[in-house]
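In: I'd like to go over a predicted model; first the sequence, then the structure.
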Amino acid sequence: MQILLNGDVKNLGYRGDILNVKNGYFRNFLFPKGLAQVANAKVIKLAEARSEKSTLQKERVIENAKDVLKKLKGLSVTIKAKVSDKGKLYGSITEADVVEAVKEGAKVELEKDFIKMDHFRDLGEHKAKVYLGEGLEEEITVVLEAQE
């Protein structure tokens, strides 16, 4: 029996997939839970249109990510932090601090989940990666200076 999945089903497929399953599995499990419907010609045509629309949206997202990475290429941001007499930071510089510095320096808003780094605890120059997806990453320089 050919069906269209209305939701993700573990070990079977993802929403929008058109699959062949046994009649009993559809009748006793998938259909009562609203996870699938019978795939007639009209439903298949609708699913293909959704798939094309989803593909176009993904392509737009990737293009936007590439534009953001172009703006970040070679970017160096400076963060001023309070330090002790020995030159050690009182706290550490986190992803949120780097996001704020990038927002001010490059006028790009990022989420802190996009920044991959260790927390910086010393003054000087450090590297952080901006990761926007598979194959979409850029390294930025973070310079830590003492606040006067």
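Out: Nice, thanks for sending it over. Residues are numbered from 1 along each chain as shown.

In: only C-alpha atoms for contact and neighbour calcs from this point on.
Out: Noted.

In: which neighbouring elements make contact with the helix ranked longest in the chain?
Out: Ordering each helix of the chain by length in residues (DSSP state H) puts helix 41-72 first. Identification of packing neighbours for helix 41-72 by 3 or more Cα pairs under 8 Å, 6 or more residues apart in numbering; DSSP states H and E yields strand 2-5, strand 136-146.

In: separation between the nearest residue to Glu138 once chain neighbours are set aside and Leu75?
Out: Excluding the flanking residues, the one nearest Glu138 by Cα to Cα, 6 or more residues apart in numbering is Val130, at 5.3 Å. To Leu75, Val130 is 11 Å away according to Cα to Cα, to the nearest Å.

In: so the residue of the chain most remote from its centre, which of the three states?
Out: Most distant from the centre of the chain: Asp85, at 40.0 Å, with distances by Cα atoms, centre = their mean. At Asp85 the chain is in coil, as set by DSSP: H, G, I helix; E, B strand; the rest coil.

In: the longest helix of the chain to strand 136-146, inter-axis angle?
Out: For helix 41-72 against strand 136-146, the angle by axes from the mean of the first three to the mean of the last three Cα atoms, to 10 degrees is 40 degrees.
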